[in-house]
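> take a look and give me a structure for this.
(one chain, ligands or ions: 1)
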Amino acid sequence: MDLMQKHAHLLERQQKMLQAGLDEVVVCIDRILSPTHAIINGRETVLAGTNNYMGITFAESCIEAGKRALDDFGTGTTGSRVANGTYAMHRELEEELAKFLNRRSVIVFTTGYQANLGMIAGLAGANDTVYLDADSHASIYDGCAVSGAQLVRFRHNDPDNLAKRLARANDEGEGGRLVILEGIYSMYGDRPPLKEFIDVKREYGYTLLLDEAHSFGVLGENGRGVAEEAGLEDEVDFIVGTFSKSIGSIGGFGASDHPLFDLIRYATRAYMFTASPSPSTIATSTAAVRELAQHPEFRDRLRYNSKRLHEGFKDLGLKMCCDVVSPVVAVHVEDEASTVAMWNALLQEGVYVNLALPPGTPNNSCLLRCSVSAAHSDADIDKIIELFGNVVAHRETRAAE
Ligand code: PMP
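A predicted model of the protein is given here:
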């Protein structure tokens, strides 16, 4: 039996995409000019789908730190911290982050995906139950699968639905319960009603893990995330975050005030059995955390840009995925073929956004997703709005013919 046959249907889908132009996986970025501009297919393109929220990928201090680390420590750590040793710079990054987050301790993982795997499997075991928001990121679902815990899904952003499920579990008796929420949901850009979820926590009791992947550096007065914005940090037991967005690097972290938190290092395979991040990655991440702490104006600029793009799209009459302004600005398109066609037209006109199609989207919706950067200029935001306007107008003209 050919084991690859189970994927044959994907070929058909990819061919359909290629008939419409390019496909997101096939797009090749020839050259990166800045955090917000690149050469794609030989033409200068505005990047509006990078998650480079702070526009920090070319910050001088980060690049210098990375180069120094390459010179002084070489290209890689060649192994896990448990087996091959911790570098002083790993510790320095964890301390810098703990200071930024105002948490007792931080554990750095090699990617954000692995941070979720490691944290969830480190916290929950076979006798425990993990309650997941239905729209949770794939890494959260995978973390739950790896943990062996029982998985219970509740309706997206619905604290009453979670309460019902917890009440049912109370009758049955069980082990520990871990609830996982995200600070900003990656596809629609919406936030959880954190206060209401905390009310449920007080009534039923559970441990809360908050994935601040898209909100770390972005929300709250000091950039600590949605919990800081809501004034509820004391209620969040564990945080997960990534370096691939506002930190502009790669890696992930878990953070907590729990006195036993550091034992996760000895209890979770996603930390123990994979190589630690390379010296240059660690050094650029540490420099980026310092940049975020020293430049609150990046957050202000990001908010300003996000609001302009959100309002510009609303004025065009686009069907917004979320009413609240966030740096994820996504719009609904009615079907897969139109979404692919619009995405291609946008790319040809000179703007790169994310094409988001089922099954990776909430409610199997078809989306064009933009992520805003603090580094976008007014002219960039205007251009994104203008090109969306052109593409929508073109589509409406074709529909009327
Ligand atoms: N959590 C969420 C909510 C995410 O959106 C992502 C990535 N998009 C991750 C975790 C994984 O992070 P990374 O890509 O840095 O591994």
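
> spit out the contact partners of the residue of the stretch 51-200 of the chain found nearest the ligand.
Proximity of the stretch 51-200 of the chain to the ligand (C-beta to the nearest ligand atom) peaks at Gly112, 2.4 Å away. Where C-beta positions appear, they are placed from N, C-alpha and C, glycine not excepted. Counting by C-beta atoms under 8 Å, 6 or more residues apart in numbering, Gly112 makes contact with 139, 213, 240-244, 251-252.

> could you redo the last one with a cut-off of 10 Å?
Neighbouring residues of Gly112 by C-beta atoms under 10 Å, 6 or more residues apart in numbering: 137, 139, 211, 213, 216, 240-245, 247, 250-253.

> quick one, grab the pLDDT at it.
Confidence at Gly112, expressed as pLDDT, is 98.

> what's the spacing between it and Asn51?
Taking C-beta to C-beta, to the nearest Å as the criterion, Gly112 is separated from Asn51 by 10 Å.

> my read: Leu93 touches Gly252, true?
No: using C-beta atoms under 10 Å, Leu93 makes no contact with Gly252, being 11.6 Å away.

> give me the common contacts of these two.
By C-beta under 10 Å, 6+ apart, the residues touching both Leu93 and Gly252 are 108, 243, 277.

> out of the residues you listed, which comes closest to Met320?
Phe243 (28.9 Å; C-beta to C-beta).

> now the phi/psi pair for the closest one, please.
With angles defined as degrees, to the nearest 10, Phe243 sits at phi -100, psi 0.

> now Tyr271
In terms of degrees, to the nearest 10, the main-chain angles of Tyr271 are phi -100, psi -40.

> how long is stretch 165-180 from one end to the other?
14 Å (C-alpha to C-alpha, to the nearest Å).

> over to stretch 178-193?
Rule used - C-alpha to C-alpha; the end-to-end distance of stretch 178-193 is 17 Å.

> let's test this: mean pLDDT of it, rounded?
98.

> that stretch: which residues count as buried?
178-192 (16 or more other C-beta atoms under 10 Å).

> how about the stretch 251-400 of the chain: which residue is closest to the ligand?
For the stretch 251-400 of the chain, C-beta to the nearest ligand atom, closest residue to the ligand: Gly252, 5.6 Å.

> pretty sure that residue is touching Asn116, no?
Yes: contact status for Gly252 versus Asn116: in contact at 7.5 Å, counting by C-beta under 10 Å.

> what do the two both touch?
With C-beta under 10 Å, 6+ apart, Gly252 and Asn116 have common neighbours 109, 139, 211, 213, 240, 242, 270.

> am I right that the fifth one sits in a strand?
Yes: counting by DSSP: H, G, I helix; E, B strand; the rest coil, one finds Val240 located in a strand.

> report the contact partners of the residue of the stretch 251-400 of the chain closest to the ligand.
Contacts of Gly252 (C-beta under 10 Å, 6+ apart): 107-119, 139, 211, 213, 240-244, 270, 277.

> can you list the weak-confidence ranges in this protein?
Scanning the chain for pLDDT under 70 picks out 22-26, 170-174, 396-397, 399-401.

> kindly report the residues of it close to the ligand.
111-113, 116, 137, 139, 182, 186, 211, 213-214, 242, 244, 252 (C-beta under 6 Å from any ligand atom).

> most neighbours out of the residues you listed, which is it?
Among the residues of the chain next to the ligand, Asp211 has the most neighbours (other C-beta atoms under 10 Å), with 33 neighbours.

> Lys245 is in contact with that one, correct?
No: contact criterion C-beta under 10 Å: Asp211 and Lys245 do not qualify, at 11.6 Å.

> tell me, what's touching those two both at once?
Listed as contacting both Asp211 and Lys245 by C-beta under 10 Å, 6+ apart are 112, 184, 186.

> kind regards, and thank you for your time.
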